[in-house]
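> I need the structure of the sequence given here:
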Amino acid sequence: MKNNIYIFSNSILSRKNNTFILSTVPETNAIHNLDIYESEAEGVILPAEKNEVEVSSKILPPESIEAFYTFGEVRFNTNFFKCAYFYKIPVHMFNYYGNYVGSFIPANNDGSGDHQILQYKAYLNEPKRLYIAKSILQAAVRNILHNLKVHNYGNNQFEDLIEQINTYLELIHYADSLQELLGYEGSVRNIYYSAWTELIKGDNDFDKRIKNPPDGFVNSLISFGNSVLYGVILSEIYRTRLNPFIGFIHETGSKKQSLVYDISEIFKPVIVDRVIFRVLNLNIINEKDFHKTSKGFYLKDAERKKFVEAMGNRLSTTITHKQLNRKISYRSLIRLECYNLINYLNGKNKIYEPYKAG
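Predicted coordinates for the structure are as follows:
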């Protein structure tokens, strides 16, 4: 299986022959303060005063890379992107605070665009769009219920909350507009988040979901985890040639990758939320590991690496897929979900059933 490459340090990503070179610049020589030049002969970006800066380098074979995720001050050159294009490797960029900035998505010349045409037709067909949106949110709610049931510890502490969410699950089934669906989804999330003070051991500052800026360290972990998941989902959408800007729950035309947000609803509970419970309950990360700024709470560098490592472990975790009758990783499940949607859009599957945990 190919690996995701996560880069946190001040670095230079370049290409030499048909291999990637990751060069790490010491923190004392912050990369944004360095003058750089691009060497035609070597095909790399280097510090202008080469002899005065020690740079440690690592070879990254492109055949083994699924995608790059950059969180530090990273420089690239055109030859790097040419190589990334040749091997069809996406590059996702995040700022210092862990917020998603953007992606380099290599042009995909495979196929004729039939998937995107079907996707757009389904978006314009209101009954079909509503059906897909309902299916996604029903799966998301069932995955939320799975989390509550797994953590119920046999004492029925979440019995009332589970009953309330099941009521909204039925309302979602009978909803006749996207506005209704979004209202029900918001109510389910509020009920679910009210259980987090019990799901997370020890003291925490979580009261309700606040995004911009994240208010408190739990909200910060949710925002950061979701951002990383969006990058993973975008990579998988790219592999299947769907259009990330044409979604079914979230509106198209808002300059956001609507389909990424749609599919993330299915996987946030079973990937991001489970990672948050793990790192907090095992004290891998705690409140002291965050910076409090005027822009909210943000993980310190070392703990950001710990969280991303935990996300990577979760994505690599395998489960037994009932329909396929074989083990499959969560990352592969995301790609399978894209193909599941494609098979519904092209008529191979008469119904659309997104992934449901348990």
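> which residue ranges form the helices in the stretch 51-200 of the chain?
Using DSSP state H, counting those that start in this stretch, the helices of the stretch 51-200 of the chain run over residues 78-86, 114-124, 126-150, 159-174, 178-193, 196-199.
> closest to R274 out of the ones you listed?
For the helices of the stretch 51-200 of the chain, the distance to R274 is smallest for helix 126-150, at 7.1 Å, taking Cβ to Cβ. Using the backbone N, CA and C atoms, a C-beta is placed for each residue, glycine as well.
> list the helices and strands that closest one packs on?
Here helix 126-150 touches helix 114-124, helix 159-174, helix 178-193, helix 258-267, going by 3 or more Cβ pairs under 8 Å, 6 or more residues apart in numbering; DSSP states H and E.
> which parts of it are buried?
Neighbour-count burial for helix 126-150, counted by 16 or more other Cβ atoms under 10 Å, picks out 128-148.
> buried set for the helix or strand hosting N340?
Using DSSP states H and E, N340 falls within helix 330-345. By 16+ other Cβ under 10 Å, the buried positions in helix 330-345 come out as 330-342, 344-345.
> For the helices of the stretch 51-200 of the chain, could you give me a markdown table that also reports distance to L280 and mean pLDDT?
Formatted as a markdown table, the helices of the stretch 51-200 of the chain follow (distance: least, Cβ to Cβ, whole Å; pLDDT from 0 to 100):
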| stretch | distance to L280 | mean pLDDT |
| --- | --- | --- |
| helix 78-86 | 35 | 90 |
| helix 114-124 | 38 | 91 |
| helix 126-150 | 14 | 96 |
| helix 159-174 | 20 | 95 |
| helix 178-193 | 14 | 95 |
| helix 196-199 | 9 | 90 |
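> Quick one: closest of the ones you listed to K288.
helix 196-199 (19.3 Å).
> Tell me what angle the following helix or strand past the closest one forms with helix 178-193.
Going down the chain from helix 196-199, the next helix or strand is helix 217-240, by DSSP H and E. Here the directions of helix 217-240 and helix 178-193 differ by 130 degrees (axes from the mean of the first three to the mean of the last three Cα atoms, to 10 degrees).
> Helix 217-240 to helix 258-267, inter-axis angle?
Angle of helix 217-240 versus helix 258-267, following the same axes, to 10 degrees, is 120 degrees.
> can I get the CA coordinates of helix 217-240 in PDB?
C-alpha atoms of helix 217-240 as PDB (Å, rounded to 0.1, in the frame of the first residue of the first chain):
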ATOM      1  CA  PHE A 217      -8.900  22.500  22.700                       C
ATOM      2  CA  VAL A 218     -11.600  19.900  21.800                       C
ATOM      3  CA  ASN A 219     -13.100  22.200  19.200                       C
ATOM      4  CA  SER A 220      -9.500  22.700  17.900                       C
ATOM      5  CA  LEU A 221      -9.000  18.900  17.500                       C
ATOM      6  CA  ILE A 222     -12.300  18.600  15.700                       C
ATOM      7  CA  SER A 223     -11.400  21.300  13.200                       C
ATOM      8  CA  PHE A 224      -7.900  20.000  12.600                       C
ATOM      9  CA  GLY A 225      -9.000  16.400  12.300                       C
ATOM     10  CA  ASN A 226     -11.700  17.400   9.800                       C
ATOM     11  CA  SER A 227      -9.200  19.400   7.700                       C
ATOM     12  CA  VAL A 228      -6.900  16.400   7.400                       C
ATOM     13  CA  LEU A 229      -9.900  14.100   6.500                       C
ATOM     14  CA  TYR A 230     -10.900  16.600   3.800                       C
ATOM     15  CA  GLY A 231      -7.500  16.200   2.200                       C
ATOM     16  CA  VAL A 232      -7.700  12.400   2.300                       C
ATOM     17  CA  ILE A 233     -11.200  12.400   0.800                       C
ATOM     18  CA  LEU A 234     -10.200  14.900  -2.000                       C
ATOM     19  CA  SER A 235      -7.300  12.500  -2.900                       C
ATOM     20  CA  GLU A 236      -9.700   9.600  -3.200                       C
ATOM     21  CA  ILE A 237     -12.300  11.600  -5.200                       C
ATOM     22  CA  TYR A 238      -9.500  12.600  -7.600                       C
ATOM     23  CA  ARG A 239      -8.600   8.900  -8.100                       C
ATOM     24  CA  THR A 240     -12.100   8.100  -9.100                       C
END
